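# have a look at this fold, sequence not included:
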């Protein structure tokens, strides 16, 4: 087998329960196609530039698009995370992902859908909001335009927070409504107070793991730079990277 093939027998066995059932003609080799999809996303290549060992580029793209639309990649990450995560302590943070010119048209898509790209001091970008377990392994993601506040991402993910004892965050999440919402869920907030807060707040400094998680995700070129106009396709690239890096 070529060194270009990424997934071992053990890794494939863990992923197979999340594959959709094949109807009619047997599906093209899953290991080969998934390895090609990983290779393209890891190296930021065009689909036509995939090595011949992975088979036709059209097959790779069609599988990527079809499984992404079906939510297969999201189910992989969520299923593996649910089985192995340690959510006793959660961490939340956000990072900017640069939008390439091929993705940065600000005109709305058909049907009123937004591209989730905004203009900040750093140019056009998308913001990735993430929730991780105590080891910095991602549990939830949320995409927004770059200028959107951290509060928006926190509010969007709040209802899906798993049961936990503590949540660690930086002072960008210091809001009374967020603290109260966490306490109502039985989670103790460990968030430093803003300088304007009169009464000091106790907090935990062990947030480096979520920042390291963002750094590892950005090693994948189609994550560090957004080439896809469709936010759903871009989010699937992030989810695939997170699954391979942290859950396999």
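That came in fine, so what should we check first? The model shown is predicted, which means the values in this text are computed figures rather than measured ones. Numbers count the residues shown, from 1 in each chain.
# domain assignment for this protein?
If the domains of the chain are taken from automatic domain parsing, they occupy 9-70, 86-230, with pieces of a single domain joined by a plus sign.
# among the ones you listed, which is nearest residue 76?
With distances scored as C-beta to C-beta, the stretch of the domains of the chain nearest to residue 76 is domain 9-70 (4.6 Å). C-beta here means a position set from N, CA and C on the backbone, and glycine is covered the same way.
# can you tell me what sits against the one helix or strand in the chain whose mean pLDDT sits lowest?
The helix or strand of the chain with the poorest confidence is strand 118-120; it has a mean of 85 (mean pLDDT, DSSP states H and E). Counting by C-beta atoms under 8 Å, 6 or more residues apart in numbering, strand 118-120 makes contact with 96, 124, 125, 126, 127, 144, 145, 146, 147, 148, all of which sit outside it.
# got phi/psi on the fourth one?
Put plainly, it is residue 126. Its backbone dihedrals place residue 126 at phi -120, psi 150, with angles given as degrees, to the nearest 10.
# neighbours around it, how many?
Residues within reach of residue 126, counting by other C-beta atoms under 10 Å, total 25.
# begin at 13 from here
Fine by me, first position is 13 from now on; the one you just mentioned is residue 138.
# I'd guessed it sits against residue 159; true?
No - taking contact to mean C-beta atoms under 8 Å, the distance of 10.3 Å between residue 138 and residue 159 leaves them out of contact.
# run a quick neighbour tally on residue 192.
Here the number of neighbours of residue 192 (other C-beta under 10 Å) works out to 11.
# Three-state assignment for residue 179, please.
When classified by DSSP: H, G, I helix; E, B strand; the rest coil, residue 179 comes out as strand.
# distance of it from residue 205?
Residue 179 sits 15 Å away from residue 205, taking C-beta to C-beta, to the nearest Å as the criterion.
# between the two, which one's more packed in?
Neighbour count, other C-beta under 10 Å: between residue 179 and residue 205, residue 179 has more, with 23 against 15.
# not counting its neighbours along the chain, what's nearest that one?
Among residues not flanking residue 179 along the chain, residue 102 sits closest, at 4.6 Å (C-beta to C-beta, 6 or more residues apart in numbering).
# the one helix or strand that neighbour maps to packs against which elements?
Under the criterion DSSP states H and E, the helix or strand holding residue 102 is strand 101-111. Secondary-structure packing of strand 101-111 (3 or more C-beta pairs under 8 Å, 6 or more residues apart in numbering; DSSP states H and E): strand 135-144, helix 162-170, strand 178-180, helix 220-229, helix 233-236, strand 237-238.
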